[in-house]
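**Student:** What follows is a predicted structure for the sequence shown.
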Amino acid sequence: MKKVAIFSPTINAGGAEKQACLLAKCLSEQGCSVTFISFYGLEGAEPKNVDILKSNSLIEIFIPVGSQYAKLKSITKVFREKQFDSLFNYLTFCNVFGTIIGRICGVKKIFGGIRSSRLPFKKKILERLIHNYLTDYTIYNSYSGAEFFSENGFNKKKNIVIHNCFENISPQTSRKAKDVPMIISVGRFVEPKDYLTAIKSVKILSQNNIPYRYLIVGYGKLETQIREWIERYSLKDYVEIIIAPDNIPELLDKADIYLSTSIFEGTSNSLLEALNACLPIVATDVGDNKHIVHNGQNGYLHHIGDSNSIAESLVKLLADSSLRIQLGNHGYQLLVDGFSKEKFTERYMGLL
């Protein structure tokens, strides 16, 4: 039986924390003995993440107590007692301290975990030192992140890319033609999402009398600005905003096309949600989008800010329901083949 440690700062609601918990579940289901170490304990823990960890008796949750020094000392003791075969660290704090303790205690394989496509300067320097000299490999959740850090002095030979696990893939959706198809975007209302380009793109549709509805779902500091853009471009009859709903899967099921105009992405979870809903995607060619949207097969990719080309792809999809269904079904299969729990488990088990 393989003995595996997973070291995460918390079990809170963040994306890295959820993926760490899912990794514990997947490895335990393959018969591995997993010790999940949460440095800051259970305070603020996401209940769903705790449930994931409690789903298998082969997962042990270890919560160190006391001062930071006392916690690191108790973690060192656990490492020496357990004699782990492999260690998976998540985020900078754990990458640094987990790797140092792992090396001292003789862990056979140590994996760092960088979950962002960019890092602040000081963190990047620390991560580079740990990656180049102490870890065996660093796992990234996006190719764009791995490429960026390689260009910034990280040893490329020690890079591994494993996309996030999309745990609960829905049954394939059966769609029908509509007189007024719906375009949908889901995301935070922040500058990198570039909603102005999305609004300019759908404005071109209304100028050409093409029937559609556009639903913008999310929340954030740019809400007022987005509403002003909708007013400025005379789109109130076409565009609706829904703030932080709790039924996003249902809204995706009611939509017909997914639109993303981001100027920056890693691996976009919202695009994966669109694949799960069998939606064709029109998106910008940023981050790992090209690994999610295969141009002409399950959607279309465009340059940042190119509202005219984006509008052309939207027109093509709005005019042809069979094309929308064909591309949406292809995208769903891409999700199953590349981002499923089974694929995620296979990739990690191959590292042990």
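**Tutor:** Perfect, thanks for sending it. No experiment lies behind these values; they were computed from the predicted model shown.

**Student:** Now do the contacts for the residue lying closest to P64 once chain neighbours are set aside.
**Tutor:** Ranked by CB to CB, 6 or more residues apart in numbering and with sequence neighbours excluded, the top spatial neighbour of P64 is K71, at 3.6 Å. No exception for glycine: its C-beta is placed from N, CA and C like everyone else's. Counting by CB atoms under 8 Å, 6 or more residues apart in numbering, K71 touches F39, P64, V65.

**Student:** filter those residues to the buried ones?
**Tutor:** F39, P64 (16 or more other CB atoms under 10 Å).

**Student:** and which of the contacts of K71 is nearest to S234?
**Tutor:** Nearest to S234, judged by CB to CB, of these is F39 at 52.6 Å.

**Student:** my guess is the closest one meets T10, correct?
**Tutor:** Yes - counting by CB atoms under 8 Å, F39 does reach T10; the two are 7.3 Å apart.

**Student:** List the buried residues for stretch 236-256?
**Tutor:** Buried, per 16+ other CB under 10 Å, within stretch 236-256: Y238, V239, I241, I248, L251, L252, A255, D256.

**Student:** scratch that, stretch 292-299
**Tutor:** Buried residues in stretch 292-299 (16+ other CB under 10 Å): I292, V293, H294, N298, G299.

**Student:** Now, those residues that are in strands?
**Tutor:** G299 (DSSP state E).

**Student:** export the buried residues of stretch 292-299 to JSON lines and tack on pLDDT and distance to V107?
**Tutor:** Below are the buried residues of stretch 292-299 laid out as JSON lines (pLDDT from 0 to 100; distance: CB to CB, whole Å):
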{"residue": "I292", "pLDDT": "96", "distance to V107": "34"}
{"residue": "V293", "pLDDT": "97", "distance to V107": "38"}
{"residue": "H294", "pLDDT": "96", "distance to V107": "39"}
{"residue": "N298", "pLDDT": "98", "distance to V107": "41"}
{"residue": "G299", "pLDDT": "98", "distance to V107": "42"}
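
**Student:** got the buried residues of stretch 292-299 as CSV, with distance to K156 columns?
**Tutor:** Shown next, in CSV, are the buried residues of stretch 292-299 (distance: CB to CB, whole Å):
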residue, distance to K156
I292, 23
V293, 25
H294, 25
N298, 29
G299, 30
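
**Student:** Which of the contacts of K71 sits closest to C26?
**Tutor:** F39 (21.7 Å).

**Student:** Chain neighbours aside, what residue packs nearest to the closest one?
**Tutor:** P9 (5.2 Å).

**Student:** thinking again about what came up before, for the buried residues of stretch 292-299, which one is nearest A146?
**Tutor:** I292 (15.8 Å).

**Student:** Distance check, that closest one against I281.
**Tutor:** I292 sits 8 Å away from I281, going by CB to CB, to the nearest Å.

**Student:** Residues in contact with stretch 266-277: which ones?
**Tutor:** 15, 116-117, 141-142, 144-145, 163-164, 166, 169-170, 173, 186-187, 248-249, 252-253, 255, 258, 260, 262, 281, 283, 287-289, 291-293, 298, 328, 331-332, 334-335, 339.

**Student:** do stretch 137-148 as well
**Tutor:** So stretch 137-148 is contacted by 19, 88, 95, 111-118, 127, 131, 149, 154, 158-164, 265-267, 286-288, 291, 351 (CB under 8 Å, 6+ apart).

**Student:** From the residues you listed, which land in strands?
**Tutor:** The strands, defined by DSSP E, take in F88, F111, G112, G113, I114, N159, I160, V161 from the contacts of stretch 137-148.

**Student:** Looking at those residues, spot the one nearest D136.
**Tutor:** F111 (6.6 Å).

**Student:** is it true that that closest one touches L87?
**Tutor:** Yes - assessed by CB under 8 Å, F111 is found in contact with L87 at 6.7 Å.

**Student:** ok, these two, which is more surrounded?
**Tutor:** L87 (28 against 25; other CB atoms under 10 Å).

**Student:** Name the nearest residue to K236, ignoring sequence neighbours.
**Tutor:** Per CB to CB, 6+ apart, closest to K236 is I230, 6.1 Å.

**Student:** Sort out which residues of the helix or strand that contains the one you found are buried, please.
**Tutor:** Assessed by DSSP states H and E, I230 sits inside helix 223-232. Neighbour-count burial for helix 223-232 flags I226, W229, I230 (criterion: 16+ other CB under 10 Å).
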